[in-house]
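> Predicted coordinates and the sequence they were generated for:
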Amino acid sequence: MDAIGYWLPLVWAALIGTAVALYVILDGFDLGLGILFQFEPKESRRDTMMNSVAPFWDGNETWLVLGGGGLLVAFPPAYAVIMPGLYLPILIMLLGLVFRGVAFEFRWAAKPSHAFWDNAFSWGSIVATFMQGVVLGGYLQGIEVKDKAFAGGSLDWLAPFPLFTGVALLGGYALLGSTWLIMKTEGGLAEDARGWARKLLPATLLIMAIISVWTPLAFDRIADRWFAWPNILYLSPIPIATAATAWACWYGINAGREVMPFVSAVGLFLLGFLGLAVSNVPYLVPPSITIWDAAAVPQSQIFTLIGVLIMLPVILGYTVFVYWTFRGKTREGEGYH
Amino acid sequence: MDFDALLLARIQFAFTISFHIIFPSFTIGLAAFIATLLVRWRVTGSDHLLRLARFWTKVFAVSFAMGVVSGIVMSYEFGTNWSRFSLVVGNVLGPLLGYEVLTAFFLEATFLGILLFGWNRVPPNLHVIAGVLVALGTSLSAFWILSANSWMQTPAGHEVRDGIAYPVDWIAVIFNPSFPYRFAHMFTAAYLTTSLVVLSVGARYLVAGRFSEESRTMMHMGLGMVALLAPLQVFFGDQHGLNTLKYQPAKIAAIESHWDGSQPGALVLFAIPNSREERNDFEIAIPNLASLILTHELDGRFPGLKEFKPEDRPPIFPVFIAFRLMVGIGVLMIAIGWAGAWLWLRGRLFETRWYLQSVQYAWPLGFIAILAGWYTTEVGRQPWIAAGILRTADAASPVGFGAVLFGLVLFVLVYGVVFSMGIYYINRLIEYGPKGAATAAPEGLPSRPLSAAEDAAHVAIEET
């Protein structure tokens, strides 16, 4: 394999990984708010929760398109296996996102009879989150491949591990959502969010611990990766950093800090994401297709990479600009509607 | 995948993309309309332009949300339902879709946040720029997705090795033979569609005697566009047709339901194509006219369906009918545009009740024409998914019948609820009308020159 053939797929895998990680964090707190709707019945507070992400949600969701689209750009064979392999969870997730997305506009257009869209927002978020977790679990547990095509069944994802990761992601996104509210809102809502976060952080940590034990026990390749010498030495900073970040989050929630809980919750997600990446490298479709097996031809990867190198800084630039424009606390009654 | 699952997958894709196309084709034009209103507002300082911009921005937000959520479904459906397609053409088409995400999706989605919520957060000029950038984003999106679609119709700049398409020349891929025509035709269609909606909403308010200042601006802007673009669209459509004759002659043969290429083509006004006997039943036709249109000679020849093996012919009747529906609506649009322009020139546009009363119902025309046009070109592409490279029958994912059926049922249910509610809310927003506008002009429906009437309305509003 020449240098280009070796490095290009690695660069693309890192790019797609970054897009997916950004999606999980950015849409994670949006979806988390939908989950938390279940615990916040008061209309004015629900308004504020929605308004706190209304200018951002669409941009946030676009990272999902970049993640999926990037897979098609750079690794068509992997895209052609993963998508049919997780057909129903992906489809149901998309329909959840349909309800969640239109609710951002419809809920206001429907007022005062908006109860249906409150439910659409919340249950759309819950279904989308759960199915994203199922997709993750189904992906980690492996997709059956024969002759470069998906060869498994439509219900392979209906197994304990993917269902557990589905529930797990609900807890994780709700934690992101509650810490977002601590940062972006004030008064009773922010206080309630602190209360939710106090319960959700231990739950999330427990979930991370279970997945950390479950995956090496269930999948030998993951056990070999983490516990073979000297890997265990090099990888030990990940769990240590996770513990430190978890402590920072707990401290931030209880010490009345406003930004620290959110930032450290994001840190927890990134560390978890890193851990999963470590578990699966170099497979793009575990346990059989590596990133080099699935790479598009270099002409295709290079052509789009040029666009990425030019556009990604621009995209990040104006994304930061929009977040900066809508910085500070979202107050009750603030919104364009 | 077995035959029935393939059929269901095709129905699912046709269903989801038909719903999807409605919203971008509206928002492409609407974004440009809003940006124009905002720029005009900054230049002239007329408040009613700002009120109009704010009003249409609300309609835009609802439509755009539906376009976004139905569009994300599309970007995943390529993989979930058409994985063989993704595998075979992914090296060529993937980057085009990648560039769409990078240059268009992020731009429109991010600046939409400022356009919707930034009224009090950013300076007015920046807000106008956000509106322009959203419009730019929607146009860039159309550029890339139409390039990808055109490549499926008229592939170029690639080579096929072991059944997989690989890129050779990106410029040739992007600017493939049908792309310039398709882009001009579709982009104009999007603007026409929005212009008709704007025109009909203006007429609706005038008929009801509401928002007369805003309605007049809407009618002028909408009508001006329709009067200019509808004939231009006929020209683009004609050019696109000639391009199709050159590169996809089987599609043209199906559009004209023309069987025997050794004879000049008649313009078939109506017929039931009979594939078994390879002729038309119940045909009503004008002899030689299709030859004249397509070859610019009365007895010119162009390929007939018999020259293509039955397995290489597209389904004839849907293509034939959809094309006629599209052209018929196109003619109606010219009539609407020119009749209105004539009334405008005579200074009677706002008093001609029959015109206002009928044109207020013209808003669906563009959408129907767009759907009919897309059915013509996409059904006419069959049996290929990527012409000459991969047949639709070989492109589907190895997903079972039950899963695809379950998916299709869910899509029909969810889209049925979500999009009918969306259209209901858009109608309700239109029913409320622009916020803060005078419900009637000071002098009702005026007969004096418009500029004077507008000035009077400004004065009236500034004084209150």
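Structure's in. What do you need?

> what ranges do the helices span in chain A?
A:3-36, A:43-53, A:57-74, A:76-85, A:87-110, A:115-141, A:160-184, A:187-218, A:220-227, A:231-235, A:237-254, A:260-280, A:298-325 (DSSP state H).

> for the ones you listed, which one ends up most surrounded?
For the helices of chain A, the stretch with the most neighbours on average is helix A:76-85, a mean of 28; neighbours defined as mean count of other CB atoms under 10 Å in any protein chain shown. (Glycine included, C-beta is placed from N, CA and C.)

> which helices and strands does that one pack with?
For helix A:76-85, the elements it packs on are helix A:57-74, strand A:149-150, strand A:283-285, strand A:289-290, helix B:47-80, helix B:83-100, judged by 3 or more CB pairs under 8 Å, 6 or more residues apart in numbering or on different chains; DSSP states H and E.

> would JSON lines of the helices of chain A with mean pLDDT be doable?
Supplementary listing: the helices of chain A in JSON lines, determined by pLDDT from 0 to 100:
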{"stretch": "helix A:3-36", "mean pLDDT": "93"}
{"stretch": "helix A:43-53", "mean pLDDT": "91"}
{"stretch": "helix A:57-74", "mean pLDDT": "90"}
{"stretch": "helix A:76-85", "mean pLDDT": "90"}
{"stretch": "helix A:87-110", "mean pLDDT": "92"}
{"stretch": "helix A:115-141", "mean pLDDT": "94"}
{"stretch": "helix A:160-184", "mean pLDDT": "95"}
{"stretch": "helix A:187-218", "mean pLDDT": "92"}
{"stretch": "helix A:220-227", "mean pLDDT": "86"}
{"stretch": "helix A:231-235", "mean pLDDT": "84"}
{"stretch": "helix A:237-254", "mean pLDDT": "93"}
{"stretch": "helix A:260-280", "mean pLDDT": "92"}
{"stretch": "helix A:298-325", "mean pLDDT": "92"}
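
> Make TSV from these and add distance to B:Ser83 to it.
Converted to TSV, the helices of chain A look like this (distance: least, CB to CB, whole Å):
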stretch	distance to B:Ser83
helix A:3-36	18
helix A:43-53	33
helix A:57-74	10
helix A:76-85	4
helix A:87-110	10
helix A:115-141	15
helix A:160-184	20
helix A:187-218	27
helix A:220-227	25
helix A:231-235	34
helix A:237-254	34
helix A:260-280	21
helix A:298-325	17
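
> do you know which of these lies nearest B:Leu325?
B:Leu325 lies closest, by CB to CB, to one member of the helices of chain A: helix A:87-110, at 28.8 Å.

> the inter-axis angle of that closest one versus helix B:83-100?
Regarding helix A:87-110 and helix B:83-100, their directions subtend 40 degrees when assessed with axes from the mean of the first three to the mean of the last three CA atoms, to 10 degrees.

> now helix A:87-110 against helix A:160-184, angle please.
For helix A:87-110 and helix A:160-184, the angle between their directions (the same axes, to 10 degrees) works out to 30 degrees.

> sorry, back to before: dump the helices and strands packed on helix A:76-85 into TSV; add distance to B:Gly113 as well.
TSV is the format used below for the helices and strands packed on helix A:76-85 (distance: least, CB to CB, whole Å):
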stretch	distance to B:Gly113
helix A:57-74	6
strand A:149-150	37
strand A:283-285	33
strand A:289-290	38
helix B:47-80	10
helix B:83-100	20
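
> List just the one of those that sits closest to A:Gly142.
Proximity to A:Gly142 (CB to CB) singles out strand A:283-285 among those, at 8.1 Å.

> tell me which strands and helices that closest one is in contact with?
Here strand A:283-285 is seen to pack against helix A:76-85, strand A:289-290 when contacts are counted using 3+ CB pairs under 8 Å, 6+ apart.

> please redo it, this time with the cut-off set to 10 Å
For strand A:283-285, the elements it packs on are helix A:3-36, helix A:76-85, helix A:115-141, strand A:289-290, judged by 3 or more CB pairs under 10 Å, 6 or more residues apart in numbering or on different chains; DSSP states H and E.

> Pick out the residue in the stretch 151-300 of chain A sitting closest to chain B.
For the stretch 151-300 of chain A, the residue closest to chain B is A:Ser154, as judged by CB to the nearest CB, at 3.9 Å.

> right, and B:Gly407 touches A:Pro84 too?
No: assessed by CB atoms under 10 Å, B:Gly407 is found out of contact with A:Pro84, at 11.3 Å.

> which residues do those two both contact?
Each of A:90, A:154, B:80-81, B:399 lies in contact with both B:Gly407 and A:Pro84 under the rule CB atoms under 10 Å, 6 or more residues apart in numbering or on different chains.

> If you rank those residues by neighbours, which is first?
When the shared contacts of B:Gly407 and A:Pro84 are compared by neighbour count (other CB atoms under 10 Å in any protein chain shown), B:Asn81 ends up highest, at 30 neighbours.

> That residue reaches B:Leu7, doesn't it?
No: with contact taken as CB under 10 Å, B:Asn81 and B:Leu7 are classed as non-touching, separated by 11.9 Å.

> gap between B:Gly400 and chain A?
The span separating B:Gly400 from chain A equals 5 Å under the rule CB to the nearest CB, to the nearest Å.

> Disregarding flanking residues, what is the spatial nearest neighbour of that residue?
Setting aside the residues directly before and after it, B:Gly400 is nearest to A:Ser154 in space (CB to CB, 6 or more residues apart in numbering or on different chains), at 5.1 Å.

> who touches the one you found in this structure?
A:84-88, B:399-404, B:406-407.

> right, and out of the shared contacts of B:Gly407 and A:Pro84, which lies closest to B:Pro287?
Distances from the shared contacts of B:Gly407 and A:Pro84 to B:Pro287 were compared by CB to CB; the smallest belongs to B:Asn81, at 44.2 Å.

> and the spatially closest residue to B:Leu305 that is not a sequence neighbour, how far is that from chain A?
Nearest residue to B:Leu305, sequence neighbours excluded (CB to CB, 6+ apart): B:Ala253, at 4.5 Å. If you measure B:Ala253 against chain A using CB to the nearest CB, the figure is 33 Å.

> what about B:Ala253, neighbour count?
Neighbours around B:Ala253, by other CB under 10 Å: 27.

> Pretty sure it sits against B:Lys306.
Yes: in this structure, B:Ala253 is within contact of B:Lys306 by CB under 10 Å, at 8.7 Å.

> For the two, list the residues in contact with both.
Contact with both B:Ala253 and B:Lys306 is made by residues B:259-261, B:313, according to CB under 10 Å, 6+ apart.

> what sits against the closest residue to chain A within the stretch 251-400 of chain B?
When CB to the nearest CB is the measure, the stretch 251-400 of chain B has its nearest residue to chain A at B:Ser397, with 3.7 Å between them. For B:Ser397, the contact set (CB under 10 Å, 6+ apart) comprises A:80-81, A:83-85, A:87, A:149-150, B:1, B:5-6, B:9, B:77-87, B:403-404.

> one more time with 7 Å, if that's ok
Under the criterion of CB atoms under 7 Å, 6 or more residues apart in numbering or on different chains, the contact partners of B:Ser397 comprise A:84, B:1, B:80-83.
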